[in-house]
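>>> sequence first, then the predicted structure:
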Amino acid sequence: MSLRKITLLKDKIEDFDSYPFSLPFIRHMDQLYLEHPVTFFVGENGSGKSTLLEGIAYQCGFHTASGSRNNSYEVDQSQSALGDYLRLSWLPKLTNGFFMRAESFYNFANHIDETEKICPTGYNNYGGKSLHHQSHGESFLSLFTQKFTKSREQSIYLLDEPEAALSPARQLSLMRIIKDLSPRSQFIIATHSPILLGYPNAEIISFDQDRLQSVDYQDTDHYQITRRFLENPKRILDELFNDND
């Protein structure tokens, strides 16, 4: 464990009615303690999990559209609205790592292409070719299997919905990568994937109530809804498509 605590600097917030300070969890959050090498943020869209993860990335010095401390490129709305209102407590402090944001990964791939024009070895950490010349899922896995696993430094990896381009089989591959890296690295992952959430001994932080709370895997909506559907898809679909109700 390296990042131990996230503190919200409430005394700096002037208007709790403006975004992102209007998010329900903001009003009740003072400090969030991280006690596991792998932590998941879960919650419905708009609950604030990606906003908090982006703020952490900002405080780590990572590019908030996707990247590490070494990546510098211009992207609209790449700054964090919450970043200046967070304080991170480390033991020890890490400077190595990466923030991967699925929705803006295309911009990161463009950046790597531009870097390759200047430094012809730029593709070495991404499977030896442009991320744009790989499928979406292949480009994600190239980042995980090449850049992440090649690092020998203690690192922190922040992943925002990494399952977006990954098949179920490749989500399992990502879990294996996390397992291989976790002895020297820390992961914080915002996800909707019931597969990734099954990672053993991880902490799951739910954003679905007014305040952040730790929940068991089997108690997440992701697990319960997926299980109900797989056990009896016909019943679920009949309920969903029944126009008589």
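Structure's in. What do you need?
>>> the chain: helices as residue ranges?
24-28, 49-60, 105-118, 136-142, 149-150, 168-181, 221-231, 233-241 (DSSP state H).
>>> ranking these by burial, who's on top?
helix 49-60 (a mean of 23; mean count of other C-beta atoms under 10 Å). Backbone N, C-alpha and C define where each C-beta goes, glycine included.
>>> okay, now the unreliable bits of this structure?
Applying pLDDT under 70 to the chain flags residues 1, 72-79, 121-122, 244-245.
>>> and the helices of the chain: which comes nearest residue 91?
Proximity to residue 91 (C-beta to C-beta) singles out helix 49-60 among the helices of the chain, at 14.9 Å.
>>> and residue 34, how far from residue 136?
Taking C-beta to C-beta, to the nearest Å as the measure, residue 34 falls 30 Å from residue 136.
>>> how about residue 172?
For residue 172 relative to residue 136 (C-beta to C-beta), the value is 17 Å.
>>> repeat that for residue 241.
Separation of residue 241 from residue 136 (C-beta to C-beta) stands at 30 Å.
>>> residues touching the closest residue to residue 80 other than its chain neighbours, list them.
Nearest residue to residue 80, sequence neighbours excluded (C-beta to C-beta, 6 or more residues apart in numbering): residue 58, at 3.7 Å. Residue 58 makes contacts with 64, 79-80, 82-84, 86, as judged by C-beta atoms under 8 Å, 6 or more residues apart in numbering.
>>> show me the two of these that sit farthest apart.
Pairwise distances across those (C-beta to C-beta) peak at 13.5 Å, for the pair 79 and 86.
>>> higher neighbour count, the two?
Of the pair residue 79 and residue 86, residue 86 is the one with more neighbours under other C-beta atoms under 10 Å, namely 19 against 12.
>>> for residue 185, see how far away residue 2 is.
Using C-beta to C-beta, residue 2 is found at 9 Å from residue 185.
>>> mutual contacts of these two, please.
Counting by C-beta under 8 Å, 6+ apart, the common neighbours of residue 2 and residue 185 are 154, 156.
>>> quick check: residue 53 touching residue 187?
No: between residue 53 and residue 187 there is no contact under C-beta atoms under 8 Å: 11.1 Å.
>>> what residues are shared contacts of these two?
When C-beta under 8 Å, 6+ apart defines a contact, the residues bordering residue 53 and residue 187 alike are residue 158.
>>> re earlier: in the contacts of residue 58, which residue is surrounded by the most others?
Result: residue 64 is most packed of the contacts of residue 58 (other C-beta under 10 Å), 24 neighbours.
>>> just read off the phi/psi values of the nearest residue to residue 10 once chain neighbours are set aside.
Leaving aside its chain neighbours, residue 10 sits nearest to residue 30 (7.2 Å; criterion: C-beta to C-beta, 6+ apart). Note on residue 30: backbone dihedrals following degrees, to the nearest 10 are phi -110, psi -60.
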